[in-house]
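K.L.:
Below: sequence and its predicted model.
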Amino acid sequence: MGEVEHVVGMDIGGTKMLAVVFDDQFKPVGRFRKKSKAKVPPEQHINNIIQGALDDAGVQKIRGVGMGSPGPLDPDTGVIIDTPNLGWKDFPLAGIVQDHFGVPAVVDNDVNMGTYGEWCFGEVQDCRNVLGMFPGTGVGGGIIIDGKLYHGASGSAGEVGHMTLEVDGPFCGCGKNGCLEGLASRIAIAKEVVALAARGDAPYILENCGTDLSKIRSGMLSRAIAAGDTQVERVVRHAAFYVGVGVANLINVLSPEAVVLGGGLVEAMEDLYLDEVTRAVNDHAMPFLRKNVRIVPAKLGDDAVAMGAARLIHDKLAS
Ligand SMILES: [Zn+2]
């Protein structure tokens, strides 16, 4: 048997968990995906999913495991402080995996890992300063400054979805009013689209999902717009413009070389999002700061978090 060279990257989501085994060229050689909710305890569930990916790859030994998880979490200790979606509190994720597999493990915020993956493997590898913006069920973001992920004093920097854009704006899940997420997440869009459907102003939506908010996913919005629901398009464009205002504010503060746009809404409606974000950046970022900023769509899709996490553990082992 040759030298051990594989690493595992894991994407821990509120609904699904995915582990991917990568070779030394970061080619995926095995994977395993499961619903996040399980009958077994979470520590066992996570180890089972990693083992499933190792079995799929036919790999017995690995160098380490990188994981992206919803936060807040402590990237230094690998402890998840609190994740409402998964019901974890002070959960020592890195330690659990480290003890079970006997190799180093690291944990970072899932959106940070998505940004890191896009930076290491996507279209912005030549940049030292990158902003990642991922509107979907929520609105997440990651910040790379001088070639390093930025964590801030608390370890949890990058909560771009909770910057206030309207002081008297709609209520947000975080308990404040007028956050970007409350204005521009898929949930925020779906709330408005349900009202349109109920009034008869969104015929495609009414026919295909009635007024069931949970059925109004990104792909459904995209199909409704293609089918000619102009009021739905207005609502989505408005939300996309707000994402762009958030990007513009961050360009003014951080002066990145590139902005990567990803997440479910962008994947489903890439052109619309690039359009509106570019328009908002032109309107709201300072000319000198926005001049050479590239705004590009994310490239890695569902594997972004796992790839970023795998690369993070690789980099930690190398340093
Ligand atoms: Zn908020």
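P.N.:
That came through, no problem.
K.L.:
How about the residues of the protein by the ion?
P.N.:
162, 172, 174, 176, 179 (CB under 5 Å from the ion). All C-beta atoms are positioned from the backbone trio N, CA, C, and that covers glycine.
K.L.:
Now with 6 Å, please.
P.N.:
By CB under 6 Å from the ion, the part of the chain that sits against the ion consists of 162, 172, 174, 176, 179, 181-182.
K.L.:
Just those: which are in strands?
P.N.:
Per DSSP state E, strands hold no members of the residues of the chain next to the ion.
K.L.:
Dump these to TSV, plus pLDDT and neighbour count.
P.N.:
Converted to TSV, the residues of the chain next to the ion look like this (pLDDT from 0 to 100; neighbours: other CB atoms under 10 Å):
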residue	pLDDT	neighbour count
H162	95	18
C172	92	22
C174	88	13
K176	94	14
C179	97	28
E181	95	28
G182	96	26
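K.L.:
What about those, which are in helices?
P.N.:
When the residues of the chain next to the ion are checked against helices using DSSP state H, the ones located there are 181-182.
K.L.:
pLDDT wise, what is the closest residue in space to D82 that isn't next to it in sequence at?
P.N.:
Setting aside the residues directly before and after it, D82 is nearest to K89 in space (CB to CB, 6 or more residues apart in numbering), at 5.4 Å. Each residue has a pLDDT score; the one for K89 is 94.
K.L.:
Quick one: classify K89 as helix, strand or coil.
P.N.:
Using DSSP: H, G, I helix; E, B strand; the rest coil, the three-state assignment for K89 comes out as strand.
K.L.:
What distance do you get for it to V79?
P.N.:
10 Å (CB to CB, to the nearest Å).
K.L.:
Domain-wise, how is the chain divided?
P.N.:
Domain assignment for the chain, taken from automatic domain parsing, gives 7-115+303-318, 126-298.
K.L.:
So K89 and V79 - more neighbours on which side?
P.N.:
Neighbour totals were compared for K89 and V79, and V79 leads with 17 against 11 (other CB atoms under 10 Å).
K.L.:
OK, contacts around the nearest residue to that one once chain neighbours are set aside?
P.N.:
With CB to CB, 6+ apart as the criterion, V79 has its nearest non-adjacent residue at 5.1 Å, and that residue is P92. If a contact means CB atoms under 8 Å, 6 or more residues apart in numbering, then P92 has 77-80 as its contacts.
K.L.:
Next, name the residue at the spatial heart of this protein.
P.N.:
Per CA atoms, centre = their mean, the C-alpha nearest to the average position across the chain is that of V111, at 3.8 Å.
K.L.:
surely it meets G142?
P.N.:
Yes: at 5.0 Å, V111 and G142 qualify as touching, with contact defined as CB atoms under 8 Å.
K.L.:
what do those two both touch?
P.N.:
In the contact map built from CB under 8 Å, 6+ apart, the residues linked to both V111 and G142 are 132, 134, 158.
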